[in-house]
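> The following comprises the amino acid sequence and a computationally predicted model.
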Amino acid sequence: MTVIVVSGTGTEIGKTVTTAAVATLALASGRSVAMLKPAQTGVAPGEPGDAEEVKRLAGDEITTLELARFPEPLAPNTAARRAGMEPVRPYEVAEAAQKLSTEHDLVLVEGAGGLLVHYDDEGATLADAARLLTAPVLVVAPAGLGTLNSTALTAEALRARGLAPLGVTIGNWPATPDLASRCNLADLPRAADAPLLGAVPQGAGSLARADFRARAHDWLAPQLGGRWDEAAFTTRETPEGPALGATH
């Protein structure tokens, strides 16, 4: 895969840290990596955004590109309109990603918020950019109550557009997971009809770069370059085993 689109089922769920982890594993395998942020919102000029955070965690060798920055923490189209700035169009995202893909082995395109957040007044979304790129979409979801519905809706929206989720990762796996989080390990792949490809621990984004890079292999599955084992993780985190996943 040359381009992977990273989308959350919502906002503030660990999408950027997951992107950094995927980038880390690609770098560790000897691949060159670029990270594209189509629209950064809620960050003032000169302040570090998501692209800088990925580079801070994964390594300075990553190429980063931000197409637009809007100061208010709103949906990209709303933030652009309120700032009196031009919105980002899907074709611009696709063109930028394609150009980066000619110079890098892997391009990670990280969206803003959820999949269907509007980028312009015509209602264009990250899914439209993914369709132009014919790129797989990695869905980042929270662990707890409510995640099954939002994950199922995201996967359904992808398939309605001729796209399929590459898989689902949990963006903030809690140190002490509650019952819903533990049950969701079995239920998330069913909700998405796609594999569970990892669980990034809560607080991973606060790690120093060396620790982050050393530990990222344990958070993501082999499909993303790591050594995370879904069966072993689920067994460890859900000691009741099948009984938890059997009650619906």
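Received it, and whenever you're ready, just let me know what you need.
> from here on, contacts and neighbour counts on C-alpha atoms
Will do.
> in stretch 37-55, what counts as buried?
If you call a residue buried by 16 or more other Cα atoms under 10 Å, then stretch 37-55 has these buried ones: 37-42, 49-55.
> in the protein, which ranges drop under the pLDDT threshold?
With pLDDT under 70 as the threshold, the chain has low-confidence stretches at 1, 239-248.
> all helices for the chain, in order.
All helices of the chain, identified by DSSP state H, fall at 15-28, 50-58, 76-83, 90-101, 126-133, 147-160, 179-192, 209-215, 230-237, 242-246.
> Just say which of those is most tucked in.
Of all the helices of the chain, helix 15-28 has the most neighbours on average by mean count of other Cα atoms under 10 Å, namely a mean of 25.
> re the thing from before, tell me which two in the buried residues of stretch 37-55 are the farthest apart.
Maximum pairwise distance in those, criterion Cα to Cα, is 18.8 Å, between 42 and 55.
> measure residue 74 to residue 112 for me?
Plainly put, residue 74 is 9 Å away from residue 112 if you go by Cα to Cα, to the nearest Å.
> which residues do these two both contact?
In the contact map built from Cα atoms under 8 Å, 6 or more residues apart in numbering, the residues linked to both residue 74 and residue 112 are residue 41.
> Same drill for those two, tell me which one is more crowded.
Residue environment comparison for residue 74 versus residue 112 gives the larger neighbour count to residue 112, 28 against 17, counting by other Cα atoms under 10 Å.
> possible to save the helices of the chain as TSV with distance to residue 172?
Putting the helices of the chain into TSV (distance: least, Cα to Cα, whole Å) gives the following:
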stretch	distance to residue 172
helix 15-28	9
helix 50-58	16
helix 76-83	24
helix 90-101	27
helix 126-133	22
helix 147-160	12
helix 179-192	11
helix 209-215	14
helix 230-237	14
helix 242-246	20
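> Which one, of those, ends up nearest to residue 198?
With Cα to Cα, the closest approach to residue 198 among these belongs to helix 230-237: 7.2 Å.
> The closest one vs helix 179-192, what angle?
Our comparison of helix 230-237 with helix 179-192, counting by axes from the mean of the first three to the mean of the last three Cα atoms, to 10 degrees, yields an angle of 160 degrees.
> same for helix 230-237, what does it pack against?
Helix 230-237 makes packing contacts with helix 179-192, strand 196-201 when contacts are defined by 3 or more Cα pairs under 8 Å, 6 or more residues apart in numbering; DSSP states H and E.
> Just put those in TSV and tack on distance to residue 150.
What follows is the helices and strands packed on helix 230-237, written out as TSV (distance: least, Cα to Cα, whole Å):
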stretch	distance to residue 150
helix 179-192	9
strand 196-201	15
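> ok now stretch 138-155, how far from the chain's centre?
Distance of stretch 138-155 from the chain centroid (Cα atoms, centre = their mean, to the nearest Å) equals 12 Å.
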